[in-house]
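# can you look at this prediction? I've put the sequence above it.
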Amino acid sequence: MKTILLGGIGAVILTGFLVAFRPPMYSSAPRHAAASPKNIIYILADDHRYDFMGFTGKVAGLKTPNLDRLANEGAHVRNAFVGTALCSPSRASILTGQYAHTHKVVDNFAPLTPGLKFFPQYLKQAGYKTAFLGKWHMGNTDDSPQPGFDYWLSFKGQGVYYNPTFNINGKQVVHGDSAYTSDLLTDYAVKWMSSLDKSKPFCLYLSHKAVHAEFQPARRHKGMYRNIPINYPQTMYLTATDTSKVFGPKTAQSPETKALTVNMADMPAWVKNQRGSWHGVDYMYHGQIAFNDFYRQYCETLMGVDDSVGRILKWLEDNNLSETTMVVYMGDNGFSFGEHGLIDKRHMYEESMRVPLLIRCPALIKPATKLEQVIQNIDIAPTFLAYAGLPKPTQMQGNSFLPFLKGETAGTTDRPWRDRAFYEYYWEPDFPQTPTMFGVRTGRYKYIFNYGVWDANELYDLQTDPLEANNLIRSKDHQDIAKDLRNQVFDWLESTGGLQIPLHPVRQKRNDHRYKGTY
């Protein structure tokens, strides 16, 4: 992967005040402030894909100065993946350190399994003040306070971008006057942190609604990207006669082009059929919005999240808490913008299962650290507990990657670090186009088992085919690899108690834009 040098950071104008960023002065080693508390701030964005950040260069004209700052002053985890690319299962994995088939929040309607324990509960028991602010969206559409949090602020379901109603510690609080949710969540987060005893540790979980569809940017950001070029993916429009396409435009930075081998015969039927559906580029959201507007509004909506990160960093600086506060930014899952003719997430292609993960803690992490290890969302909870000096609970299936953040090359003390990411997704009656699937992604290959449908399974060589266009599942030269990876998937499921598909009753009404019937 190519290393991208980061430029300087200027100033970002926020509502009501100006936040200025000075070029940081770094030593060659992390700084230490032993007397300062080990605070944790976890900022979670919704549907933010791994490469839509200014410093990656993926989106021409996109500027995310505060996310860039996190990468520049901390660590960029370049191989971060979720175990399920869907809101509720991913969020439950973050909180519990468990795979979806273990915590059993397998879709956006499955109830929370009794007895689940979230990482903030352990922190609270250890003396941390804890707060949750934002989108919970787990188990149902309720917004009531959940275990482990001293302070609670949430909203029902997906929430709204403007004039939200918040449940604040059990009380419904209505906001008007075009109040913008990303800004409000940050206002309340800053207010809560300002109320604390700064000598005691705290854990803030700031969970944004943005950038979930249907995108609505803050008023100050509307139209700012109206003229940015669209980076249409090579796999957006493939036809049955395609056997190769040009991979990538010829530019001064990349003067050579490669031929992209395309295997349309073995592209799964469910992928082909989804092009003209709610989550397909030919009839996206049933024609409610054009692709170009969709793409640009996503970028504009993301700016409110970037501003939020800047305000949090500014507060830490103003209160002399920057050194030992671990600030983590992450997406709950990725998002497709035309790859394979799809939008949305759920599937196992790179743009869906891969997420941004940025971590800043000057006392611990050297500036501009790039981690190549495979990190999954189940590793977040154990890492936070390890930073707080707490042991990993036995039920957590993830592991702490704190040693890597410190610059240590060894993995965990009891076993080698994983070199692959496992994946699971369970068919949803609300979006029946995408089947149940299980899979594994290694450093070179990705294997996808499409379960319960008369369809092709998938094998991709990510080194020669990073766009996942040439399915090798019937290649004679790759049968041993496919068999081995398939065995790995089902060995993983068996060893972690995942061979029984968790099913839950469907209680919600089926929306008529997705169904011919009503129930």
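Structure received.
# helix or strand for I343, which one?
strand 343-344 (DSSP states H and E).
# adjacent strands (with direction) for that strand?
Strand 343-344 pairs in its sheet with strand 336-337 (antiparallel), by DSSP bridges.
# how far is the partner strand from where the chain is centred?
Its chain's C-alpha centre and that of strand 336-337 lie 14 Å apart, by Cα atoms, centre = their mean, to the nearest Å.
# per-residue confidence averaged over that strand?
Taken as a whole, strand 336-337 has a mean pLDDT of 97.
# and for that strand, what's in contact with it?
For strand 336-337, contacts defined as Cβ atoms under 8 Å, 6 or more residues apart in numbering pick out 49, 231, 233, 294-295, 298, 342-345, 347, 349, 351-352. Yep, even glycine has a C-beta here, placed from its N, CA and C like the rest.
# got the residue ranges for the helices in the stretch 201-350 of the chain?
Here the stretch 201-350 of the chain has its helices, by DSSP state H, counting those that start in this stretch, at 269-274, 291-318, 350-353.
# for the first one, give the mean pLDDT please.
Averaging the model's pLDDT scores along helix 269-274 yields 94.
# what is the closest residue to I40 other than its chain neighbours paired to in the beta sheet?
Excluding the flanking residues, the one nearest I40 by Cβ to Cβ, 6 or more residues apart in numbering is C203, at 4.4 Å. Beta-bridge pairing for C203 (DSSP bridges): I40, T130.
# count the neighbours of C203 for me.
26 (other Cβ atoms under 10 Å).
# that one and Y122 touch, don't they?
No: applying Cβ atoms under 8 Å, one finds C203 not in contact with Y122, separated by 9.9 Å.
# the contacts of strand 336-337, buried ones only, as a ChimeraX selection?
Command for ChimeraX that selects the buried part of these, burial taken from 16 or more other Cβ atoms under 10 Å:
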select :49,233,294,295,298,342,343,344,345,347,349,351,352
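# any chance of the contacts of strand 336-337 in TSV, with distance to P114 too?
Below are these laid out as TSV (distance: Cβ to Cβ, whole Å):
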residue	distance to P114
R49	34
N231	45
P233	43
F294	40
Y295	42
Y298	37
L342	36
I343	36
D344	31
K345	28
H347	31
Y349	34
E351	35
S352	30
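# determine which two of the contacts of strand 336-337 are furthest apart.
Maximum pairwise distance among the contacts of strand 336-337 (Cβ to Cβ): 19.5 Å, between N231 and H347.
# one step back: now the helices of the stretch 201-350 of the chain in TSV, with distance to T464?
Output for those, formatted as TSV (distance: least, Cβ to Cβ, whole Å):
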stretch	distance to T464
helix 269-274	20
helix 291-318	28
helix 350-353	14
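# pLDDT score for S36?
Reported pLDDT for S36: 86.
# count the neighbours of N163 for me.
14.
# report the contact partners of it.
Counted by Cβ under 8 Å, 6+ apart, N163 has contacts 174-179.
# for those, give me a markdown table that also has secondary structure, distance to A213 and neighbour count.
As requested, the contacts of N163 are arranged in a markdown table below (DSSP: H, G, I helix; E, B strand; the rest coil; distance: Cβ to Cβ, whole Å; neighbours: other Cβ atoms under 10 Å):
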| residue | secondary structure | distance to A213 | neighbour count |
| --- | --- | --- | --- |
| V174 | strand | 24 | 9 |
| H175 | coil | 22 | 15 |
| G176 | coil | 24 | 9 |
| D177 | coil | 25 | 6 |
| S178 | coil | 20 | 9 |
| A179 | coil | 21 | 14 |
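# the residue nearest to I40 and V328, how far apart?
For C203, the distance to V328 equals 11 Å [Cβ to Cβ, to the nearest Å].
# where do the contact lists of the two overlap?
The contact lists of C203 and V328 share 40-42, where a contact means Cβ under 8 Å, 6+ apart.
# what subset of those is buried?
40-42.
# nearest to G170, of these?
Y42 (22.7 Å).
# need the contact partners of the host helix or strand of the closest one.
Using DSSP H and E, the element containing Y42 is strand 40-45. Taking contacts as Cβ under 8 Å, 6+ apart, the residues outside strand 40-45 that touch it are 91, 94, 123, 128, 134, 201-208, 210-211, 302, 305, 308-309, 312, 316, 325-332, 356, 380, 384, 387-388.
# so of the residues you listed, which ones are in strands?
Counting by DSSP state E, those place 134, 202-207, 326-331 in strands.
# tabulate the buried ones among the shared contacts of C203 and V328 in JSON lines, adding columns for pLDDT and distance to V271.
What follows is the buried ones among the shared contacts of C203 and V328, written out as JSON lines (pLDDT from 0 to 100; distance: Cβ to Cβ, whole Å):
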{"residue": "I40", "pLDDT": "98", "distance to V271": "39"}
{"residue": "I41", "pLDDT": "99", "distance to V271": "38"}
{"residue": "Y42", "pLDDT": "99", "distance to V271": "34"}
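# export those residues as CSV, with columns for distance to A110.
Below are these laid out as CSV (distance: Cβ to Cβ, whole Å):
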residue, distance to A110
I40, 27
I41, 28
Y42, 23
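# tell me which of these is nearest to E458?
Once Cβ to Cβ is applied, the member of these that ends up nearest E458 is Y42, at 32.9 Å.
# ok, the buried ones among the shared contacts of C203 and V328 vs P65, which is closest?
Nearest to P65 among those is I41, at 18.1 Å by Cβ to Cβ.
# could you list the low-pLDDT ranges of this structure?
1-35, 140-141, 239-258, 410-415, 504-519 (pLDDT under 70).
# the same query, at a cut-off of 80, please.
1-35, 139-141, 239-259, 409-415, 502-519 (pLDDT under 80).
# can you pull the contacts of the most centrally placed residue in it?
By Cα atoms, centre = their mean, the chain has its centre lying nearest to G331, at 2.3 Å. For G331, the contacting residues are 44-50, 355-357, by Cβ under 8 Å, 6+ apart.
# try 7 Å this time
45, 47-49, 355-356 (Cβ atoms under 7 Å, 6 or more residues apart in numbering).
# helices - which of these land there?
Residues of the contacts of G331 located in helices (DSSP state H): none.
# C299 contacts L62, doesn't it?
Yes: between C299 and L62 there is a contact under Cβ atoms under 7 Å: 5.4 Å.
# parallel or antiparallel, list what pairs with the host helix or strand of Q172.
Assigned by DSSP H and E, Q172 falls within strand 171-174. Taking DSSP bridges as the criterion, strand 171-174 forms sheet pairs with strand 165-168 (antiparallel).
# name the residue most distant from the centre of this structure?
Farthest-from-centroid check, the chain (Cα atoms, centre = their mean): K476, 35.6 Å.
# quick check: phi and psi on that one?
The phi/psi pair for K476 (degrees, to the nearest 10) reads phi -60, psi -30.
# list the buried ones in the one helix or strand V190 maps to?
V190 belongs to helix 181-194 when assigned by DSSP H and E. Applying a neighbour-count criterion of 16+ other Cβ under 10 Å, one finds 181-190, 192-193 buried in helix 181-194.
# and the residues you listed as JSON lines, adding distance to Q395?
JSON lines is the format used below for the buried residues of helix 181-194 (distance: Cβ to Cβ, whole Å):
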{"residue": "T181", "distance to Q395": "33"}
{"residue": "S182", "distance to Q395": "34"}
{"residue": "D183", "distance to Q395": "37"}
{"residue": "L184", "distance to Q395": "35"}
{"residue": "L185", "distance to Q395": "30"}
{"residue": "T186", "distance to Q395": "33"}
{"residue": "D187", "distance to Q395": "36"}
{"residue": "Y188", "distance to Q395": "31"}
{"residue": "A189", "distance to Q395": "29"}
{"residue": "V190", "distance to Q395": "34"}
{"residue": "W192", "distance to Q395": "29"}
{"residue": "M193", "distance to Q395": "30"}
